[in-house]
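> Give me a model of this one.
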Amino acid sequence: PVTIHALIPVAGKTILSYIIEQLADAGVTEFILVVGYLGDKITDYARANYPHLNITIIHQNERKGLGHAVYLCKEAVQGDELIITLGDTICEYHVEDLLARKESVLGIKKVDDPREFGVAETDESGTVTRVIEKPQIPRTNNALVGIYKIVNSALLFKCIEQVMQGCGSVEDEMGLTPALDCMIASGEHFGSLKVTNWFDCGKKETLLESNATLLKK
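Sure thing, here's the model as predicted:
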């Protein structure tokens, strides 16, 4: 899912370029970009800068949340494995390790206050046992950073449908976390991947901090 924030330059490169090049350098050649407001600018940028990649554009005309954005990709995914990333977030991690994993995987990082994030509860082996969105009393400080590898995409879309049916209003924004928890409850095994660095560029204060840190690097 990509917002217009993805075209903001951070340390001399757009956020979208960081994301695409990180995956493309590891061998990923097929991309689905879910775009909304000013999506044409994102489309033009991606196709002009990455003509060698297979890029599909899907429009999310209503802001109904991350879960809804992912669900719009159902026909394009066609049951394949997929990696979901957020268009306003830069993460540093071993992409090759993520691609090599045979299981579904959630990217995580410890934070001081996890109440503003989706949170992953894990056992001693790193297996994710539960995910919950913005818990008021977190049992762990492992925040979901917006990197998701999904092996069983058919189950993901089935769980999104179940969550959508349970929404109180058609205007509700639907997050992805409830669908992931549905998958875990249905028996899908999720491992965890601790990212090295996580730069949330969706807010002005964190964008400036991320820009300064990446410039130093």
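
> All the strands of the protein, in order from the start?
In the chain, the strands defined using DSSP state E lie at 9-10, 13-14, 30-35, 54-59, 82-85, 89-92, 104-110, 118-122, 128-133, 142-150, 190-194, 197-200.

> what angle do the fourth one and strand 30-35 make?
In terms of direction (axes from the mean of the first three to the mean of the last three Cα atoms, to 10 degrees), strand 54-59 departs from strand 30-35 by 20 degrees.

> mind listing what the most centrally placed residue in the chain touches?
Nearest to the geometric centre of the chain sits residue 85, at 2.9 Å (Cα atoms, centre = their mean). Listed by Cβ atoms under 8 Å, 6 or more residues apart in numbering, the contact set of residue 85 reads 19, 23, 91, 146-148. In short, each C-beta sits where N, CA and C put it, glycine included.

> what about 7 Å?
Going by Cβ atoms under 7 Å, 6 or more residues apart in numbering, residue 85 touches 19, 146-147.

> Bridge partners for it, pull those for me.
On the basis of DSSP bridges, residue 85 takes part in beta bridges with residue 147.

> Tell me who's in contact with residue 162.
Taking Cβ under 7 Å, 6+ apart, one finds residue 182 in contact with residue 162.

> still on that earlier bit, please identify the deepest-packed of the strands of the chain.
strand 142-150 (a mean of 24; mean count of other Cβ atoms under 10 Å).

> which residues are in contact with it?
Residues contacting strand 142-150 (Cβ under 7 Å, 6+ apart): 81-86, 89, 91, 98, 101, 104-111, 114, 117-120, 122, 131, 156, 177, 195, 198.

> If we use 8 Å, what do you get?
81-86, 89, 91, 93, 98-99, 101, 104-111, 114, 117-122, 131, 156, 176-177, 180, 192-193, 195, 198.

> Stretch 65-73 now?
1, 32, 34, 58, 60, 62, 82, 84, 86, 156-157, 160-161, 163-164, 172-176, 178-179.

> low-scoring pLDDT stretches of the chain, where are they?
167-172, 203, 205 (pLDDT under 70).

> quick revisit: the contacts of stretch 65-73 in helices, which ones?
156-157, 160-161, 163-164, 178-179 (DSSP state H).

> can you name the two of those that are farthest apart?
157 and 178 (13.6 Å; Cβ to Cβ).

> my guess is residue 90 meets residue 14, correct?
No: contact criterion Cβ atoms under 8 Å: residue 90 and residue 14 do not qualify, at 10.3 Å.

> Pick the one among the contacts of residue 85 closest to residue 76.
residue 19 (17.8 Å).
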